[in-house]
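> Got a predicted model here, sequence first, then my questions.
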Amino acid sequence: LYPAGGRPGPASARGNRLKLPAHRMTTAIAAGAYPFLAEGGLGAEGVYIGRDVHAEASFCFDPFALYGRVEGFTNPNVLLAGVIGQGKSALAKSFALRSVAFGYRVYVPCDPKGEWTPVAGALGGTSVALGPGLPGRLNPLDAAPRPASVAQSDWVGEVRKRRLLLLGSLARTVLGRDLLPMEHTALDVALDTVVTRAAGSARTPLLGDIASALNSPDRLDEAAGLMSGRLGDAARDLAHAMRRLVHGDLAGMFDAPSTVAFDPNSPMLTIDLSRLGGSGDDTALVLAMTCASAWMESALTDPRGGRRWIVYDEAWRLMRHPGLLARMQAQWKLSRGLGIANLMVIHRLSDLLTAGDAGSRGRALAEGLLADCSTRIIYRQETDQILTAASLLGLTSVETEAISHLNRGRGLWKVAGRSFVVQHLLHPHELSLFDTDARMH
């Protein structure tokens, strides 16, 4: 035992006589030596999501608040992926519901399961049901009101471009191939002919008008004027493709004037497509999703409309159709300037690979959508999906290990390169409103 004054002699540390050699180490080693460090979080501004598992703190998120404040955060779009039963739908719905309290408006242009209808009802919003025998009609060729900041001539050109992009995407999807040069021209000429004729009678053009024009070879050739070739013959396949939207399994939904007026003051608007079903060949459902999305997106072109969320639920269905992906990506490019954030919901990261083989146009479009999402939320992935997810997202070994063992309601949030493990917390009222698993008990 040493006296109360400490150990005597030169080995004593009293009087700063203890000298240790200097040691240099990296911050990675320092984190191991002092493990009580955690990411500082994104701040308290925004919608409350739940608990940051590592920091034991509240986790809030608002993409518009982060834009310009967080390095590398270049857009407000979000990708949400997770296997069935892990709570990704509950996260999307609760985030949308809570965003309304912050002044956001929420739009769901395609609700294949009808799960968003009770959420819209709880908020005092609107839900439009489309399907065989139902009275709802949407005209995807509706033109939105011209913003005050855009000249009339410029707006006419913008509306024409959007209509042509939609028609081309629908035709490619039905035909299952890219359009030939003369088919592009035929669609172009048919659209101009129909718009001119509709303007003369002060009405909006319809998909049925396009199908009729494509099915009239002589009138199509006459409208083309001095252009060489017979457009009428080249448009034969196009006419059959458009006919499906008018007289086929989608008849009565998108071939008449819209029966619903877009209300920009509604907190939430959803389009319920659950009556169309989703088993087997879901081409009809995918076409309906695209037409409904085009109608809603055209109504959201006013940059003074405030901050808005567009939720693309069941977006994995679109991945097999490059024409629809191209239209979707073009819309996303415009969203940032309009104050719109997009939320894309899929099951697995490998859904993006179904768009085509490596190097194909479809794969490039799908990977482009992923690149346009500064925020990626990954819920638990199956074991055979781990490597694909890690490759597409550039996950570290620790993150890769985490996504295979996440509990229900817990997700890996990748926000502009920063990582968080967040436990989503639901209020009991929210749980009863939109937690689909709760309805199974």
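Received, thanks. Residues are numbered from 1 along each chain as shown.
> Could you use CA atoms for every contact and neighbour count after this?
OK.
> Assumed L80 was part of a strand.
Yes. L80 forms part of a strand when assessed by DSSP: H, G, I helix; E, B strand; the rest coil.
> I figured it hits I377, correct?
Yes. Counting by C-alpha atoms under 8 Å, I377 is a contact partner of L80 at 4.8 Å.
> More neighbours: the two, which one.
Using other C-alpha atoms under 10 Å as the criterion, L80 and I377 rank with L80 on top: 24 against 21.
> Dig out what the more buried one forms beta bridges with.
For L80, the beta-bridge partners are V345, I377 (DSSP bridges).
> Quick check: it vs L334, distance?
To L334, L80 is 21 Å away according to C-alpha to C-alpha, to the nearest Å.
> same deal with A371?
15 Å.
> Settle it for me: which of these two has more neighbours?
Ranked by neighbour count (other C-alpha under 10 Å), A371 and L334 place A371 first, with 16 against 12.
> What residue, apart from its backbone neighbours, is nearest A190 spatially?
Leaving aside its chain neighbours, A190 sits nearest to A213 (5.7 Å; criterion: C-alpha to C-alpha, 6 or more residues apart in numbering).
> Okay, and the one you found sits in which element?
Per DSSP states H and E: A213 is located in helix 207-214.
> Give me the local confidence score for Q423.
The confidence metric pLDDT takes the value 95 at Q423.
> re the thing from before, the helix holding A213 packs against which elements?
Counting contacts by 3 or more C-alpha pairs under 8 Å, 6 or more residues apart in numbering; DSSP states H and E, helix 207-214 is packed against helix 181-200, helix 217-224, helix 236-247.
> hey, which of these is tucked in deepest?
Mean neighbour counts were compared across the helices and strands packed on helix 207-214 using mean count of other C-alpha atoms under 10 Å; the top stretch is helix 236-247, at a mean of 20.
> Run me through the strand neighbours of the following helix or strand past it, direction for each.
With elements assigned by DSSP H and E, the helix or strand that comes after helix 236-247 is strand 268-272. Using DSSP bridges, strand 268-272 pairs in its sheet with strand 105-111 (parallel), strand 126-129 (parallel).
> State the distance spanning the first to the last residue of stretch 375-391.
Start-to-end, stretch 375-391 (C-alpha to C-alpha) is 16 Å.
> What mean pLDDT does that stretch get?
On average, stretch 375-391 scores 88.
> Other residues contacting it?
76-83, 86, 88, 348-350, 395-396, 400, 403-416 (C-alpha atoms under 8 Å, 6 or more residues apart in numbering).
> Mark out where each domain of the chain begins and ends.
35-134+268-440, 139-257 (automatic domain parsing).
> Take these and write them to TSV, including distance to P21.
Below are the domains of the chain laid out as TSV (distance: least, C-alpha to C-alpha, whole Å):
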stretch	distance to P21
domain 35-134+268-440	23
domain 139-257	69
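> Can you check which of these gets nearest to R24?
domain 35-134+268-440 (17.6 Å; C-alpha to C-alpha).
> How far off centre is that closest one?
6 Å (C-alpha atoms, centre = their mean, to the nearest Å).
> ok, now stretch 194-211?
31 Å.
> roughly how far apart are L165 and M328?
Counting by C-alpha to C-alpha, the gap from L165 to M328 is 10 Å.
> out of those two, which sits in the busier spot?
M328 (20 against 17).
> What are the phi and psi values at the more buried one?
In terms of degrees, to the nearest 10, the main-chain angles of M328 are phi -70, psi -40.
> That one and V260: what is the separation?
Taking C-alpha to C-alpha, one finds M328 at 23 Å from V260.
> R177 now?
Taken as C-alpha to C-alpha, the span from R177 to V260 is 33 Å.
> ditto for I377
I377 is 34 Å from V260, by C-alpha to C-alpha.
> where do the strands sit along the protein?
Using DSSP state E, the strands found in the chain span residues 47-52, 57-61, 78-81, 105-111, 126-129, 268-272, 308-312, 340-346, 375-378, 410-415, 418-424.
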